[in-house]
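J.: I'd like to go over a predicted model; first the sequence, then the structure.
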Amino acid sequence: MASVLIPLAEGFEELEAVALIDVMRRGGIEVRVAYIEDELHHTGVVTGANGIGMQADTSLKNIISDDFDMMVLPGGWGGTYALAENARVLELLKEFKANKAVGAMCAAPYALKKAGVLGNNYTCYPGAKEEIDQPGYRDDLKVVEDGNVMTSQGPGTAVCFGLAIVKRLVGEESMQTVKEGMLLSYC
């Protein structure tokens, strides 16, 4: 079974995280949510940008990259900045980019750039483009795949991003089954 790691930090974009987790699990992907260890997360509950708490499965310190096929970052500036400043997150992004796949959406491609793993072609939330400040930005696609790096634009593209990840890790047939089951006419 394919498996994906989603690290969360305070201020993550809730809609993106939940949509990604839901779509990937519908597609048969094991998704594990990890929190960044600090005094705020002793319970494992991470609070998003809109005040919604999410219970993580484990601490990031317990993560071994060999247990996963891909690492995906939801956006939200608060969470993105925290992920981009965390040495373990940056180390994992480099490990995943070298041997597996990484994904990020909304503001989170900023963390990919900080780790030195952002692809030559990418997309992100339009307002994040200036801060990412790297050539290759695409605004014509909801999801951009560049080798083993996948990026997406924002909350409204989270389901499409999840479907693209299902297609990549599980296959076209599973992606179509999830898409039809969710009554999606776009993506």
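T.: In hand now; what should we look at?
J.: where exactly do the helices run in this structure?
T.: If DSSP state H is used as the criterion, the helices of the chain fall at 14-26, 77-85, 87-99, 109-115, 129-132, 158-169, 172-181.
J.: and the second one, what's its mean pLDDT?
T.: What it means is helix 77-85. The pLDDT scores in helix 77-85 average 96.
J.: other SSEs contacting it?
T.: The contact analysis (3 or more C-beta pairs under 8 Å, 6 or more residues apart in numbering; DSSP states H and E) places helix 77-85 against helix 109-115. All C-beta spots, glycine's among them, are computed from the backbone N, C-alpha and C.
J.: One more: the last one?
T.: If contacts are counted by 3+ C-beta pairs under 8 Å, 6+ apart, helix 172-181 sits against helix 14-26, helix 158-169.
J.: and of these, who's closest to Glu131?
T.: Closest approach to Glu131 among these (C-beta to C-beta): helix 14-26, 17.5 Å.
J.: Would you check the distance separating the closest one from the middle of the chain?
T.: 10 Å (C-alpha atoms, centre = their mean, to the nearest Å).
J.: any idea of the angle that helix forms with helix 158-169?
T.: Per axes from the mean of the first three to the mean of the last three C-alpha atoms, to 10 degrees, the angle that helix 14-26 makes with helix 158-169 is 30 degrees.
J.: Tell me the buried residues in helix 14-26?
T.: Glu14, Leu15, Glu16, Ala17, Ala19, Leu20, Ile21, Asp22, Val23, Met24, Arg26 (16 or more other C-beta atoms under 10 Å).
J.: Farthest-apart pair in those, please.
T.: Glu14 and Arg26 (18.2 Å).
J.: Kindly provide the distance from Pro155 to Phe12.
T.: Distance from Pro155 to Phe12, counting by C-beta to C-beta, to the nearest Å: 12 Å.
J.: For these two, indicate the residue with more neighbours.
T.: Taking other C-beta atoms under 10 Å, Pro155 and Phe12 do not tie; Phe12 has more neighbours (31 against 18).
J.: who touches that one in this structure?
T.: Val46, Gly48, Ala49, Met54, Pro74, Gly75, Gly76, Gly78, Gly79, Thr80 (C-beta atoms under 8 Å, 6 or more residues apart in numbering).
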